[in-house]
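> what follows is a predicted structure for the sequence shown.
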Amino acid sequence: MVDSELLCQNLSSPLQRLNVYDGLGINARRWAIDHTYHRRRQNLHFQALFESGIVYGLGVQLISPPELAQAEYRQSRCWIEIQPGIAIDQQGNPIILHPGADRTFPIEINPPDLGLTTIYIVLSFVEPVREQEFTGDILEEQFRIDQITTPPCANQIELCRIKIKKTNIELTEYGSIETNRAGNYLPKNAFLPQFNELDLTHRKPVKVAPSQMIRIGVLIDQNYVEDYSNLPLYQNLEDLSSCISSLYPDMRTQVELVPEDDIHDSMASTYDLLCLDFVYFLRSSQIKNLPALPSSEKDQAEKIRLRLRETGQRLQSYIKAGGRILLDTATEIVTDSVKNAIEAELFCQPSLANWQTLKAQKHPILREPFVFGAPPMNHGQVLQVSIGEQFIWISGALSALWSGEGDLKRDDIRAAQELGINLLHLMGRKRQLTSLSADFTGS
C-alpha cells in the first residue's frame, strides 16, 4: 500500500532543480542541488508506485565458522552467509550487497531459558557520511545487517527469521549434531519451518503498491472473556485478507478488534467498515445480564431486541459521522421477529435494497471488481444481501465461506471471496470519495 504519510512529507516543499544557463559556475553547493533534485524525484516515483522489498538474491544459508573468525565465535556461535543481491527500501533507496562485501555473520542472540524468541535478520540502507579527512571523489553507499527480536520497522527488509528455543541440536549446514548448545538447522519443510529452523517464508519482493488499504474493525465486548483472536468473524476476515493479494492485488486489508466501549465518531474516518458477529453478540456477557425471561421464541426475540438496542445506541455517534456497518448472520437464526428487531434497533429502519434492486441499479457491489448475476450459495442456500447507504446486512453467513473449511464447493468458496472483495472495494471507494469532498482547510 502506498504510504500516504511518507508521500505527505514531499508536500512540505516543491521540487527544486538547478537553473542552468550559459556561464553558470558549478560548485559543490550547486552540484548538490542538482543531485538532490534527481534523487528526490526518483524516490518519490518509487514511493508512489511500489512497495519495498527484495529485487534479487539475498538468500540465507548456514555455514561453518570462517577460518579467520575469533575463537570465541568459532566455539559458541553458529554462522550464516547472505547471498549477494539487491533490495529497495521504503524510501526508494537501492541496497546492493555485492560479492566483495562482508556477508558472513554469527547468530549472536541466545535462546531464552524458558519459552522461545524470534530472531529477525534484516537489511537496511545506510546513508554514506563524508568523513572530515576524506578527500576522494567517491562515496560508497552502505548497508547494514541487524539481528533483532522485534518485527522489522518500515525501513528494514526481512531476509530471514528463526524462532529459537533451548535444544540439544546445533545449527549446521549438514544436519543436526548432538550438543549441549542451542542451535538451528535447515527446515525439513521449507513452507512450514519449525523451531530452530531458518524461516524464509516471510521475505517480501518488490512489487507494485495496491491503491486501496481497507481498515476493518470487528466489534467485541470487553466484558465477555474469551480469546478474541479466535472470534469466528475475525478469523474469517483474516482468511479473506490472506487470499486478496492473489485474487485482487490492488487491495490490502488490515483487520483490528474494536471494543464496544471505545466506539466514537472519529472511527468513521479511521475504519472503512465495522463488522458485527451476530452470534457472538448474542452470547456475550451483556445479554446474560438482561432480565431472565422464559425461553419462548417471543421472549428470546425480546432479548435480542434489547441487545441490539444497546449496540445501536453505542454506534449512534459513529453512524452519524458517516461510519459503515456490516452485519453477517446465519439464516436459521433470523426469524421474522429477529429481522424486525435488527431493522428497528440496529439499522434504525433505513431503506435497504435487496439483490434484485441492486441488480436493476447496476450497483457497484455486483460489478466491481467482480461481476455477479446471482448471489453466492452456502450449502445450497442462497445468501440474502441487503444494502443501505451505511449498512450492509448479509443473511447466510457469508464470512463462514471465506475460510474454505468443510465440504464446500470450490465455486461457492470463490464466489463468496469475490463478493467479500466487492464489498470491501465498495466501502473503500465510499470512504475515498467522501474524504475528497471533506473539509481539508486544516491540511
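Now that the structure is in, tell me what you want to look at. Not measured: the values here are computed from a predicted model. Numbers count the residues shown, from 1 in each chain.

> which residues in the stretch 251-400 of the chain form strands?
251-259, 273-277, 325-329, 377-378, 381-382, 384-387, 391-395 (DSSP state E, counting those that start in this stretch).

> I misspoke; the intended subject was the stretch 51-200 of the chain.
53-57, 60-63, 79-82, 85-88, 94-97, 104-106, 117-126, 142-148, 157-164.

> hmm, who's touching the last one?
Contacts of strand 157-164 from elsewhere in the structure, counted by C-beta atoms under 8 Å, 6 or more residues apart in numbering, are 52-54, 58, 60, 80, 82, 87, 89, 95, 107, 109, 111, 116-124, 145, 152, 182, 184, 193-200, 202-204. Every C-beta, even on glycine, is put in place using the N, C-alpha and C of the backbone.

> again, only this time at 7 Å
52-54, 58, 60, 82, 87, 89, 111, 116-124, 152, 182, 184, 195-196, 198-200, 202-203 (C-beta atoms under 7 Å, 6 or more residues apart in numbering).

> please apply the same query to the fourth one.
Outside strand 85-88, the residues within contact range by C-beta under 7 Å, 6+ apart are 46, 52-58, 94-97, 123, 157, 206.

> go through that strand and flag the buried ones.
By neighbour count on 16 or more other C-beta atoms under 10 Å, the buried set for strand 85-88 is 85, 87-88.

> and what of the shortest one?
Of all the residues in strand 104-106, those buried under the rule 16+ other C-beta under 10 Å are 105-106.

> may I have the strands that pair with that strand, each with its orientation?
strand 79-82 (antiparallel) (DSSP bridges).

> hang on, the earlier thing: which of the contacts of strand 85-88 count as buried?
Judged by 16+ other C-beta under 10 Å, buried ones among those: 46, 52-54, 58, 95-97, 123, 157, 206.

> what would these look like in JSON lines with pLDDT and distance to residue 359?
Output for the buried ones among the contacts of strand 85-88, formatted as JSON lines (pLDDT from 0 to 100; distance: C-beta to C-beta, whole Å):
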{"residue": "46", "pLDDT": "91", "distance to residue 359": "42"}
{"residue": "52", "pLDDT": "93", "distance to residue 359": "42"}
{"residue": "53", "pLDDT": "94", "distance to residue 359": "41"}
{"residue": "54", "pLDDT": "96", "distance to residue 359": "45"}
{"residue": "58", "pLDDT": "93", "distance to residue 359": "50"}
{"residue": "95", "pLDDT": "94", "distance to residue 359": "51"}
{"residue": "96", "pLDDT": "94", "distance to residue 359": "54"}
{"residue": "97", "pLDDT": "94", "distance to residue 359": "55"}
{"residue": "123", "pLDDT": "95", "distance to residue 359": "51"}
{"residue": "157", "pLDDT": "95", "distance to residue 359": "46"}
{"residue": "206", "pLDDT": "93", "distance to residue 359": "41"}
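
> could I get the buried residues of strand 85-88 as CSV with pLDDT and distance to residue 9?
Converted to CSV, the buried residues of strand 85-88 look like this (pLDDT from 0 to 100; distance: C-beta to C-beta, whole Å):
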residue, pLDDT, distance to residue 9
85, 95, 28
87, 96, 21
88, 95, 18
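
> as CSV, those with distance to residue 390 would be great.
What follows is the buried residues of strand 85-88, written out as CSV (distance: C-beta to C-beta, whole Å):
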residue, distance to residue 390
85, 48
87, 43
88, 40
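
> how about low-confidence regions in the stretch 51-200 of the chain?
Per-residue confidence for the stretch 51-200 of the chain (pLDDT under 70) gives these ranges: 68-77, 130-135, 167-186.

> residue 432: which element?
helix 410-436 (DSSP states H and E).

> for that helix, packing partners?
Packing partners of helix 410-436 (3 or more C-beta pairs under 7 Å, 6 or more residues apart in numbering; DSSP states H and E): strand 212-220, helix 232-247, strand 251-259.

> which one of those lies closest to residue 420?
helix 232-247 (5.0 Å; C-beta to C-beta).

> what average pLDDT does the closest one get?
Averaging pLDDT along helix 232-247 gives 88.

> ok, stretch 9-19 next?
81.

> ends of that stretch, what's the gap?
24 Å (C-alpha to C-alpha, to the nearest Å).

> for residue 191, phi and psi?
phi -80, psi -20 (degrees, to the nearest 10).

> quick one on the thing from earlier: residue 392 is nearest to which of the strands of the stretch 51-200 of the chain?
Judging the strands of the stretch 51-200 of the chain by C-beta to C-beta, what sits closest to residue 392 is strand 53-57, at 34.1 Å.

> got a list of what residue 19 touches?
Per C-beta under 7 Å, 6+ apart, neighbours of residue 19: none.

> can you get me a residue count around residue 267?
Residue neighbour count, defined by other C-beta atoms under 10 Å, stands at 18 for residue 267.

> actually, residue 188.
Residue 188: 9 neighbours (other C-beta under 10 Å).

> try residue 401
28.

> shift numbering so it begins at 9
Fine by me, first position is 9 from now on; the one you just mentioned is residue 409.

> test my guess that it contacts residue 386.
Yes. In this structure residue 409 lies within contact range of residue 386 using C-beta atoms under 7 Å: 5.9 Å.

> joint contacts of those two?
residue 420.

> check contacts around the residue positioned nearest the centre of the chain.
Nearest residue to the geometric centre of the chain (C-alpha atoms, centre = their mean): residue 262, 4.5 Å. Counting by C-beta under 7 Å, 6+ apart, residue 262 touches 221, 223-224.

> so how far is residue 424 from it?
21 Å (C-beta to C-beta, to the nearest Å).

> nearest to residue 376 among the contacts of residue 262?
residue 221 (17.1 Å).

> how far away is residue 119 from residue 173?
5 Å.

> what's the neighbour count on the nearest residue to residue 338 once chain neighbours are set aside?
Residue nearest to residue 338 in three dimensions, not counting chain neighbours: residue 405, with 4.6 Å by C-beta to C-beta, 6 or more residues apart in numbering. Look at residue 405: counted by other C-beta under 10 Å, it has 23 neighbours.

> next: the one 5 residues further on.
Residues near residue 410, counting by other C-beta under 10 Å, number 22.

> do the same with the one 5 residues further on
Summarising burial for residue 415: neighbours were counted as other C-beta under 10 Å, giving 5.

> try residue 38
Neighbours of residue 38 using other C-beta under 10 Å come to 14.

> do the same with the one 4 residues further on
One way to gauge burial is a neighbour count; for residue 42, by other C-beta under 10 Å, it gives 14.

> pLDDT of stretch 330-350, averaged?
72.

> hang on, isn't residue 380 packed against residue 371?
No. Contact criterion C-beta under 7 Å: residue 380 and residue 371 do not qualify, at 9.8 Å.

> angles on the backbone of the residue nearest to residue 338, please.
Per degrees, to the nearest 10, the backbone of residue 405 is at phi 60, psi 60.

> and the pLDDT at it?
80.

> show me what contacts it?
336, 338, 386.
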